[in-house]
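*Asks:* Task: produce atomic coordinates for the following.
(chains A and B)
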Amino acid sequence: GENVEQHPSTLSVQEGDSAVIKCTYSDSASNYFPWYKQELGKRPQLIIDIRSNVGEKKDQRIAVTLNKTAKHFSLHITETQPEDSAVYFCAARSGTYKYIFGTGTRLKVLA
Amino acid sequence: EPEVTQTPSHQVTQMGQEVILRCVPISNHLYFYWYRQILGQKVEFLVSFYNNEISEKSEIFDDQFSVERPDGSNFTLKIRSTKLEDSAMYFCASLYGPERQFFGPGTRLTVL
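*Replies:* Purely as a prediction, here's the structure:
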């Protein structure tokens, strides 16, 4: 079945450093890739997304890159701040109506 | 800004009992979803719903589960006979087009 792998499972960075989270998807027909931030006990919040016809997208300190050939996509957070600490999930849309989530990355930004 | 809402925020039930989790999607949204998140684990797709019928469902969504849109605003998830392993956070999500999902705050289901 469809699968999304996500690495690393935990990531600690110093405040001001960059953080990179990587995902790999299995369904070559996937064409939309959102990233969510989830704080403890809260709902997932969409932070950035990318469609398969785009290789890179940036929104202030957050960027996402997509390599369709390799079926990889990555989240890049620059100039990390303590409030970036959360669990981050990647996801891939499989078919029209189904979203498969990665296993999550717990990011800790050390002040 | 409109939000997806869910009730109750926490539901405690005995094993074998039926539960209904309720969601009010954003009013002009057309696609509705239920997800499950066991504590500390990933978000798992359960079912998608469009045009008053199930569009897709996962292997988790077996005969014990059902969804309904009983009126123009509510979207419900029913679990007929709860098991201990159904204990999880259940999130509803909605979207207008088939992309940007907005999640509700979740219902924490505890099965004793």
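*Asks:* gap between residue A:76 and chain B?
*Replies:* 20 Å (C-beta to the nearest C-beta, to the nearest Å). For glycine as for every other residue, the C-beta is placed from the backbone atoms N, C-alpha and C.
*Asks:* swap that for residue A:95, please
*Replies:* 6 Å.
*Asks:* residues near that residue, how many?
*Replies:* Residue neighbour count, defined by other C-beta atoms under 10 Å in any protein chain shown, stands at 16 for residue A:95.
*Asks:* so it sits right up against residue B:57, yeah?
*Replies:* No. When contacts are counted by C-beta atoms under 8 Å, residue A:95 is not listed as touching residue B:57 (11.5 Å).
*Asks:* close enough to count as contact, residue A:74 and residue A:19?
*Replies:* No. Judged on C-beta under 8 Å, residue A:74 makes no contact with residue A:19 at a distance of 10.5 Å.
*Asks:* where does chain B have low pLDDT?
*Replies:* In the predicted model, chain B carries pLDDT under 70 at residues B:98.
*Asks:* Just give me the residue right at the centre of it.
*Replies:* Nearest to the centroid of the C-alpha atoms of chain B, with distances taken as C-alpha atoms, centre = their mean, sits residue B:34, at 3.4 Å.
*Asks:* Can you tell me how far that residue is from residue B:49?
*Replies:* For residue B:34, the distance to residue B:49 equals 8 Å [C-beta to C-beta, to the nearest Å].
*Asks:* list residues touching both of the two?
*Replies:* residue B:67 (C-beta atoms under 8 Å, 6 or more residues apart in numbering or on different chains).
*Asks:* Would you mind listing what in chain B touches chain A?
*Replies:* By C-beta under 8 Å from any C-beta of the partner chain, the residues of chain B that approach chain A are B:31, B:33, B:41-45, B:48, B:50, B:55-56, B:58-59, B:91, B:98-106.
*Asks:* now, which of the residues you listed lie within strands?
*Replies:* Helix and strand membership here follows DSSP state E; of the residues of chain B next to chain A, those in strands are B:31, B:33, B:43-45, B:48, B:50, B:55-56, B:91, B:102-103.
*Asks:* Per-residue confidence at residue A:94, what does it come out as?
*Replies:* Residue A:94 carries a pLDDT score of 84 in this model.
*Asks:* number of nearby residues for it?
*Replies:* Neighbours of residue A:94 under the rule other C-beta under 10 Å: 22.
*Asks:* can I assume it is in contact with residue A:29?
*Replies:* Yes. In this structure, residue A:94 sits in contact with residue A:29. The criterion is C-beta under 8 Å, and the distance is 7.1 Å.
*Asks:* intersection of neighbour lists for those two?
*Replies:* Residues touching both residue A:94 and residue A:29 (C-beta under 8 Å, 6+ apart): none.
*Asks:* So residue A:10 versus residue B:47, what's the distance?
*Replies:* When distance is defined by C-beta to C-beta, residue A:10 is 31 Å away from residue B:47.
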